[in-house]
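Trainee: Here is my input; please provide its structure:
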Amino acid sequence: MYSVSVQLSILFYIKKSKANLQGYTNIYLRITLDGKRAECSINRKVHTDLWNSRSQNALGNSPENQEINREIDLIRNKIYTIEQKFQRDGTTYSAVQLRDVYLGKDKTKKMLLEIFQEHNDEVDSLIGKDFAAGTAERYRTCKKHIAEFIKKKYKKNDIPVQDVDHKFITGLEYYLKTTRKCAHNSAIKYITNFKKIIRIAHANDWIDKDPFLHWKAKLKIVEREFLTEEEIQKIIELELKMERLDQVRDIFIFCCFTGLAYADVKKINRGDIVLGTDGEEWVKTKRSKTDTRSNIPILPIAKVIIEKYKDNEQLKEKDLVLPVLSNQKMNAYIKEIATLAGITKNLTFHLARHTFATTVTLTNGVPIESVSKMLGHTNLKTTQHYAKILDMKVSKDMEILRNKFK
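Mentor: From the prediction side, this is the model:
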């Protein structure tokens, strides 16, 4: 047990001369320690006729005055608790410090965007070690959206992190979906990124409560598109006279048969192509996004594409396997290829990865655990989403069959 200092005096009083026309006046708190005082209002009013200066409380049994007396007791206990904490910590303290801690003025007001920038600087310094470049870019974009939201909503360049509450979070979600035109899942992912910043503030005691306590992230299940065998074949058989389109087609098909994402296929080098225990060639690389290892046996069509570029001098100089362009160009050219092949699906480069998971592997009976390992997923649930897509396709196909039998 910690004893309360005998030098500490707590007094509640009123100033009759400051009463309003109705006779009500503020109640004040005076803390005295070692003969030195600190005062403040407790933001409560009482009628001057109903204040007992000897007992330092409000007279009468009215609910209002009983509530005032309860609050006075709470404040008194809080001051004693604050003093005990100073004693436990072994730090010196004054009446002013006791008052400031009670008022919450002791905390340094940390600004939200300043904390966010400190976090982003740390992430940037750890790119290639603990974070992927894409992760750093997402945090930068998230901070930019929040800065714009603060400017629009509060007409300020920054706000104290203590001002972030549940209303701020729901307001940010609405802003992302309306002003920024973000899809539901994109908005939720940005807010989840923001949640990390608030967790940092909470862990450092810059805020008392976690405003995310009653906010739940609810992602909508998106039906991912993928190519059928027929559509893959259409792209393979397409006669392309332009070299840039031919290269993009090769890399897209390579990803359809390896499951590699853009960031991973762009960086694979000769050292990533190794002989497996089965005597066949494998791609063994770490995923840029999650830093998990992907081990993928090279299927014949992927091997043909690697052979096609093995004598490319520019690739040899950079020790790369394939001539991958920027993500923007790859996506633009693959849409052009889709149009030439008569494919109406919204082709993106990442769709190749979905195609590998569904049409190339799961449809052909490759166990989901093996597919998950090749894709470098950290959680089997991520891969199971592709299995659900296939179940939906089977269901639709069987519905067509049922209708035929009817």
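
Trainee: Give me the neighbour count for the residue nearest to W51 when sequence neighbours are not counted.
Mentor: Leaving aside its chain neighbours, W51 sits nearest to I14 (5.2 Å; criterion: CB to CB, 6 or more residues apart in numbering). Every C-beta, even on glycine, is put in place using the N, C-alpha and C of the backbone. Per other CB atoms under 10 Å, the neighbour tally for I14 reads 21.

Trainee: and I14, what are its phi and psi?
Mentor: Dihedral pair for I14: phi -120, psi 160, per degrees, to the nearest 10.

Trainee: partners of it in the sheet?
Mentor: Per DSSP bridges, the residues bridged to I14 are I27.

Trainee: check contacts around it.
Mentor: T25, N26, I27, Y28, V46, T48, W51, S53 (CB atoms under 8 Å, 6 or more residues apart in numbering).

Trainee: The fourth one against K18, yeah?
Mentor: Just to be clear, that refers to Y28. No: applying CB atoms under 8 Å as the test, Y28 and K18 come out as separate, 9.5 Å apart.

Trainee: Those two - which one has more neighbours?
Mentor: Y28 (16 against 11).

Trainee: Next one: that one from A183, what distance?
Mentor: 55 Å (CB to CB, to the nearest Å).

Trainee: Repeat that for T48.
Mentor: 61 Å.

Trainee: what about these two, which has more around it?
Mentor: Comparing T48 with A183 by other CB under 10 Å, the one with more neighbours is T48, at 16 against 12.

Trainee: Surely that one and A19 touch.
Mentor: Yes: in this structure T48 lies within contact range of A19 using CB under 8 Å: 5.2 Å.

Trainee: any common contacting residues for those two?
Mentor: Going by CB under 8 Å, 6+ apart, residues that sit against T48 and also against A19 are T25.

Trainee: mind showing which ranges of this structure have poor pLDDT?
Mentor: 1-6, 106-108, 221-223, 288-291, 388-397, 406 (pLDDT under 70).

Trainee: What is the neighbour count of L29?
Mentor: L29 has 21 nearby residues by other CB under 10 Å.

Trainee: And the one helix or strand it maps to, how far out from the chain middle?
Mentor: Using DSSP states H and E, L29 falls within strand 24-33. Distance, stretch centre to chain centre, for strand 24-33: 45 Å (CA atoms, centre = their mean, to the nearest Å).

Trainee: What of stretch 307-324?
Mentor: On CA atoms, centre = their mean, the centre of stretch 307-324 falls 37 Å from the chain's centre.

Trainee: Put the alpha carbons of that stretch into CSV.
Mentor: The C-alpha coordinates for stretch 307-324 follow below in CSV (Å, rounded to 0.1, in the frame of the first residue of the first chain):
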residue,chain,number,x,y,z
GLU,A,307,14.4,-21.1,-73.6
LYS,A,308,13.1,-18.5,-76.0
TYR,A,309,14.9,-15.7,-74.1
LYS,A,310,18.0,-17.5,-72.8
ASP,A,311,20.3,-15.8,-75.3
ASN,A,312,18.9,-12.3,-74.8
GLU,A,313,22.0,-10.2,-74.2
GLN,A,314,20.2,-7.5,-72.2
LEU,A,315,18.7,-10.1,-69.9
LYS,A,316,22.1,-11.7,-69.4
GLU,A,317,23.6,-8.4,-68.4
LYS,A,318,20.9,-8.0,-65.7
ASP,A,319,20.9,-11.7,-64.8
LEU,A,320,17.2,-11.9,-65.5
VAL,A,321,15.1,-14.6,-67.1
LEU,A,322,12.3,-12.7,-68.9
PRO,A,323,11.9,-9.2,-70.5
VAL,A,324,9.2,-7.8,-68.2
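
Trainee: buried residues in that stretch?
Mentor: Y309, L315, L320, V321, L322, P323, V324 (16 or more other CB atoms under 10 Å).

Trainee: TSV please, covering those and showing secondary structure.
Mentor: Putting the buried residues of stretch 307-324 into TSV (DSSP: H, G, I helix; E, B strand; the rest coil) gives the following:
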residue	secondary structure
Y309	coil
L315	helix
L320	strand
V321	coil
L322	coil
P323	coil
V324	coil
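
Trainee: Nearest to T359, out of those residues: which one, please.
Mentor: L322 (21.2 Å; CB to CB).

Trainee: which residues does that closest one contact?
Mentor: Applying CB under 8 Å, 6+ apart, the residues near L322 are D250, I251, F254, V265, I268, I305, I306, Y309, L315.

Trainee: Most neighbours out of these, which is it?
Mentor: F254 (27 neighbours).

Trainee: Give me the three-state assignment for it.
Mentor: Quick answer, by three-state DSSP: F254 is helix.

Trainee: Pretty sure it sits against V304.
Mentor: No: here F254 does not reach V304: they are 9.4 Å apart, not a contact under CB under 8 Å.

Trainee: Can you tell me the element N157 falls in?
Mentor: Counting by DSSP H and E, N157 is found in no helix or strand.

Trainee: State the number of residues packed around it.
Mentor: 10.

Trainee: Now it: phi and psi?
Mentor: Dihedral angles for N157 - degrees, to the nearest 10 - are phi -90, psi -20.
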